[in-house]
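Engineer: take this sequence and fold it.
(chains A and B)
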Amino acid sequence: GAVVSQHPSWVICKSGTSVKIECRSLDFQATTMFWYRQFPKQSLMLMATSNEGSKATYEQGVEKDKFLINHASLTLSTLTVTSAHPEDSSFYICSAREGGLGGYGYTFGSGTRLTVV
Amino acid sequence: GDSVTQMEGPVTLSEEAFLTINCTYTATGYPSLFWYVQYPGEGLQLLLKATKADDKGSNKGFEATYRKETTSFHLEKGSVQVSDSAVYFCALSDQGGSEKLVFGKGMKLTVNP
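Structural biologist: Have a look, this model is predicted:
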């Protein structure tokens, strides 16, 4: 089946530095990728939707200059948390969808635990 | 906008107990419905799905039926196992819109031997 590889699985960084998280679709072309943030004991909050070759669409309240998303190819999307602060500590999950309609084909990465100290 | 409401828990059951997790939705279109499961420290895995009214999704002993008249998609399992301990999310996808997934808040299930 479809596999999405997300790296790193966990990262600890110092406040003020930037962190890049990668999301790769291994055996299919992901025309659309989604980035979610999950707070402890809470649901997934959609941060942004990215389509290959175009700018990401951010959800209301998400700072686009802080959470930079790049979807340069059909198999790779990256999320960069810039100038990270402790409040950015969270679990980030990507999801990729193969082309086509119908609500099929959402595959999730295994998530990245970010801790900002 | 579209939304999903589900039991939040946490819920603790004994092995072989019956499980029901309620899920209702609000959508302007005709959504697809999903149940996802998240094991500790991992991402989400699709458990089952249904794309039209009266469809029944099933997997690993879990079942859920798409009920348009009650806008519900309740998850059931007749006999849970310790390995079913996880967080369960109900979700919908609006096929006519952006096709992004909208999640419920999730319910943590713990099954004791």
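Engineer: count the neighbours of the closest residue to chain A within chain B for me.
Structural biologist: Nearest residue of chain B to chain A (Cβ to the nearest Cβ) works out as residue B:32 at 3.0 Å. (Glycine included, C-beta is placed from N, CA and C.) Neighbour count for residue B:32, taken as other Cβ atoms under 10 Å in any protein chain shown: 23.
Engineer: surely it meets residue B:90?
Structural biologist: No: in this structure, residue B:32 is not within contact of residue B:90 by Cβ atoms under 8 Å, at 12.0 Å.
Engineer: local confidence estimate at the residue of chain B closest to chain A?
Structural biologist: Per-residue pLDDT puts residue B:32 at 90.
Engineer: who does it bridge with?
Structural biologist: For residue B:32, the beta-bridge partners are residue B:93 (DSSP bridges).
Engineer: roughly how far apart are it and residue B:108?
Structural biologist: In this view, residue B:32 and residue B:108 are 24 Å apart by Cβ to Cβ, to the nearest Å.
Engineer: so who does residue B:91 touch?
Structural biologist: Residues in contact with residue B:91 (Cβ atoms under 8 Å, 6 or more residues apart in numbering or on different chains) are B:4, B:33, B:34, B:35, B:36, B:101, B:102, B:103, B:104.
Engineer: confirm it sits in a strand?
Structural biologist: Yes: inclusion of residue B:91 in a strand is indicated when DSSP: H, G, I helix; E, B strand; the rest coil is applied.
Engineer: how about the strands in chain A?
Structural biologist: For chain A, applying DSSP state E gives strands covering A:4-7, A:10-13, A:19-25, A:30-38, A:44-51, A:57-58, A:67-73, A:76-81, A:90-98, A:106-108, A:112-116.
Engineer: could you report the neighbour count for residue 80?
Structural biologist: You didn't pick a chain, so chain A it is. Using other Cβ under 10 Å, residue A:80 has 15 neighbouring residues.
Engineer: chain B, not that one
Structural biologist: If you count neighbours by other Cβ under 10 Å, residue B:80 ends up with 22.
Engineer: among the helices and strands of chain A, which has the poorest mean pLDDT?
Structural biologist: Using mean pLDDT, DSSP states H and E, strand A:106-108 stands out as the lowest-scoring helix or strand of chain A, at a mean of 87.
Engineer: only the buried residues of that strand, if you could.
Structural biologist: Of the residues in strand A:106-108, A:106, A:107, A:108 count as buried by neighbour count, 16 or more other Cβ atoms under 10 Å in any protein chain shown.
Engineer: about what we covered before: can you pick out the most distant pair from the contacts of residue B:91?
Structural biologist: Farthest apart among the contacts of residue B:91 by Cβ to Cβ are B:35 and B:102. That separation is 13.5 Å.
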